[in-house]
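[1] only geometry, no sequence info:
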Ligand SMILES: [Ca+2]
């Protein structure tokens, strides 16, 4: 854990250039909790540590039927770092390394704590081979950080057929 070394450049950047400027270093916010909303409970690997490193140990979820021959996967992760309570970051970046069978989009959302809703960042296209995808949002970032420095990420795949399996090797929540 090297967060203490990253704290200074983040704070310095905010103080020196104002909240609208992005600092040069990013905080990699640790994952602390996960909640699976959809999926077959007996077929997923509910171990958040599996998603914290790129090591081919995967957080795996099988899609639950949602009708019409389709299935859905919704997974939520909480990332928390207390330093986020006191900074005004310019951007949150979600980076994932994952595979999805069959090929399809996984839509990425951040939870807006200010009005209890999810804001979509866009789709990430995955197939049967591990792919690294990145989405970022830089508008009014404070709404995505709660009073304890928490950020909630939702990954949602609803368009794939059955069987439907999402395997997340790594999820990174980066703040800068
Ligand atoms: Ca992993």
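    That came in fine, so what should we check first? As the structure is a computational prediction, the values presented were derived from the model and not from experiment. Numbers count the residues shown, from 1 in each chain.
[2] next, residue 88: secondary structure please.
    coil (DSSP: H, G, I helix; E, B strand; the rest coil).
[3] give me the neighbour count for it.
    14 (other Cβ atoms under 10 Å). Heads up, the C-betas are built off the backbone N, CA and C, glycines and all.
[4] does it touch residue 140 like I think?
    No: look at residue 88 against residue 140 with Cβ atoms under 8 Å: they stay out of range, at 10.6 Å.
[5] what residues does this protein have near the ion?
    Proximity of the chain to the ion (Cβ under 5 Å from the ion) is limited to residues 50, 53, 55, 57, 169.
[6] tell me the SS of the most centrally placed residue in the chain?
    For the chain, the residue nearest the mean C-alpha position is residue 153 (4.2 Å; Cα atoms, centre = their mean). Taken by three-state DSSP, the conformation at residue 153 corresponds to strand.
[7] now, the residues of the chain next to the ion that are in strands?
    residue 169 (DSSP state E).
[8] before we move on, the earlier item: partners of the nearest residue to the residue nearest to the centre of the chain once chain neighbours are set aside in the sheet?
    Nearest in space to residue 153, with sequence neighbours left out and distances taken as Cβ to Cβ, 6 or more residues apart in numbering, is residue 77 at 4.9 Å. As for beta bridges, residue 77 partners with residue 34, residue 153 under DSSP bridges.
[9] quick one on the thing from earlier: which of the residues of the chain next to the ion scores worst on pLDDT?
    When the residues of the chain next to the ion are compared by pLDDT, residue 50 scores lowest at 89.
[10] identify the residues contacting that residue.
    Residues near residue 50 by Cβ atoms under 8 Å, 6 or more residues apart in numbering: 57-59, 168-169.
[11] now the strands for this protein?
    Going by DSSP E, the chain shows strands at 27-29, 31-36, 59-62, 64-67, 70-80, 92-101, 104-112, 117-126, 131-137, 150-157, 165-175.
[12] and the ones you listed, which one averages the lowest pLDDT?
    strand 31-36 - the lowest mean pLDDT of the strands of the chain, at a mean of 76.
[13] and residue 103, how many neighbours?
    For residue 103, using other Cβ under 10 Å, the count is 12.
[14] the residue nearest to residue 153 and residue 52 touch, don't they?
    No: the criterion here is Cβ under 8 Å, and residue 77 misses it with residue 52 at 9.8 Å.
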